[in-house]
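Undergrad: Kindly generate the corresponding structure for this input.
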Amino acid sequence: MLHPSIRHERIEANGLRFHVLATGQGDRLALLLHGFPELAFSWRHQLPLLAEEGWRVWAPDLRGYGETDRPIGRDEYAIEKLMDDVAALIDASGARETLLVGHDWGGVIAWLFAIRRIRPLARLAIMNLPHPACFERALRRGFRQRLRSWYVLFFQLPWLPEKLFAAGHARAIGNAFRSMAVNKSLFPDEVLEVYRKAALQPGALTAMINYYRALVMGGGARRQRSLGYPKLDTKTLLVWGEQDSALDLTTLEGTEEFVPDLELHRLPNASHWVQQDAPNEVNQILTKWLRS
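TA: This next block holds a predicted model:
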């Protein structure tokens with residue numbers, strides 16, 4: 001299922017060993033951050049494309065996921081530690097230029113990493129994750145996004161989310177992809193099995209859900225809100241699958257207020273899993289934007 005040019009690497013960064021899918025070469029790094037409940041594997045369609053465009057591409061399993069180390073404890077998944085991971089991976093690469101790409105939870109990390117200017121970025125690309133200020137505003141203004149975010153509150157419960165996700169050989173993990181996808185043929189059983197097997201590794205589901213617990217109960221969202229959201233001057237691409245059952249389109253409103261150099265593409269026939277659900281369209285958008 002992986003392009004033959006993609007290799008598996010182990011990268012030491014921030015005190016952890018990261019499993020990284022890598023391709024390409026050179027000192028221009030494209031760092032791809034996946035979401036929940038995904039893996040580096042979710043970027044399988046974009047890795048070869050970005051290498052062809054002249055980037056050395058790293059897609060890590062984020063901390064707690066897949067074959068990357070899994071530290072124990074909710075606070076090990078605080079947003080600040082996740083951003084430190086990104087900084088350490090960039091430093092470990094030795095790259096002179098960085099393109100940061102994030103989807104879903106990877107988008108949370110990427111937005112905040114860019115806003116806080118933790119390391120210089122040449123460009124930023126986000127897929128189906130709103131700017132944090134726009135997301136917070138959508139939550140305040142009405143119930144549409146609150147209803148869609150019900151699962152975040154559910155994830156604050158101890159042990160029960162893990163039990164439900166693990167049941168039936170992680171049936172809920174596979175269902176999350178296929179039931180939400182528009183182009184279901186792109187999520188065959190062998191693809192779903194990659195995610196299900198990874199989620200069933202000891203401690204993996206707790207680690208994955210701890211991202212949400214650290215953000216809400218652990219105070220990560222509150223700490224970031226208190227810092228404010230200054231305008232982002234990085235050249236930014238935002239790609240959005242409109243058939244997103246987790247994030248309402250209203251969360252996009254006002255993004256240009258915070259990101260002046262913004263290019264937005266909305267794909268009407270793609271879901272939340274946009275880079276897997278519409279890989280050709282996403283790759284075309286990425287190519288044109290990178291060459292602009």
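
Undergrad: Helices of the chain, residue ranges please.
TA: For the chain, the helices defined by DSSP state H occupy 47-52, 79-93, 105-115, 132-141, 143-148, 150-154, 160-180, 189-199, 204-216, 220-227, 255-258, 274-277, 279-291.

Undergrad: Convert the C-alpha atoms of the second one to PDB, please.
TA: In this case it means helix 79-93. Output in PDB follows, covering the C-alpha atoms of helix 79-93 (Å, rounded to 0.1, in the frame of the first residue of the first chain):
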ATOM      1  CA  ILE A  79      -0.200  20.600  23.600                       C
ATOM      2  CA  GLU A  80       3.100  22.200  24.600                       C
ATOM      3  CA  LYS A  81       4.900  18.800  24.600                       C
ATOM      4  CA  LEU A  82       3.300  18.100  21.200                       C
ATOM      5  CA  MET A  83       4.700  21.300  19.800                       C
ATOM      6  CA  ASP A  84       8.100  20.500  21.400                       C
ATOM      7  CA  ASP A  85       8.100  17.300  19.500                       C
ATOM      8  CA  VAL A  86       7.600  19.100  16.200                       C
ATOM      9  CA  ALA A  87      10.500  21.500  17.000                       C
ATOM     10  CA  ALA A  88      12.800  18.600  17.900                       C
ATOM     11  CA  LEU A  89      11.900  16.800  14.700                       C
ATOM     12  CA  ILE A  90      12.700  19.900  12.700                       C
ATOM     13  CA  ASP A  91      16.000  20.300  14.600                       C
ATOM     14  CA  ALA A  92      16.900  16.600  14.100                       C
ATOM     15  CA  SER A  93      16.400  17.000  10.300                       C
END
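
Undergrad: Kindly calculate the angle that that helix makes with helix 204-216.
TA: Between helix 79-93 and helix 204-216, the angle formed by their directions is 110 degrees, by axes from the mean of the first three to the mean of the last three Cα atoms, to 10 degrees.

Undergrad: Quick one: list the elements packing against the helix or strand of the chain with the lowest mean pLDDT.
TA: For the chain, using mean pLDDT, DSSP states H and E, the weakest element among its helices and strands is helix 143-148, scoring a mean of 92. Helices and strands touching helix 143-148, by 3 or more Cβ pairs under 8 Å, 6 or more residues apart in numbering; DSSP states H and E, are helix 132-141. Every residue, glycine included, has its C-beta placed from N, CA and C.

Undergrad: Now for residue 12: which residues touch it?
TA: Taking Cβ atoms under 8 Å, 6 or more residues apart in numbering, we find residue 12 in contact with 18, 92.

Undergrad: bridging residues for it?
TA: When assigned by DSSP bridges, residue 12 has beta-bridge partners residue 17.

Undergrad: what's the spacing between it and residue 67?
TA: Relative to residue 67, residue 12 is positioned 14 Å away (Cβ to Cβ, to the nearest Å).

Undergrad: again, but for residue 105
TA: Using Cβ to Cβ, residue 105 is found at 18 Å from residue 67.

Undergrad: likewise residue 58?
TA: Residue 58 is 14 Å from residue 67, by Cβ to Cβ.
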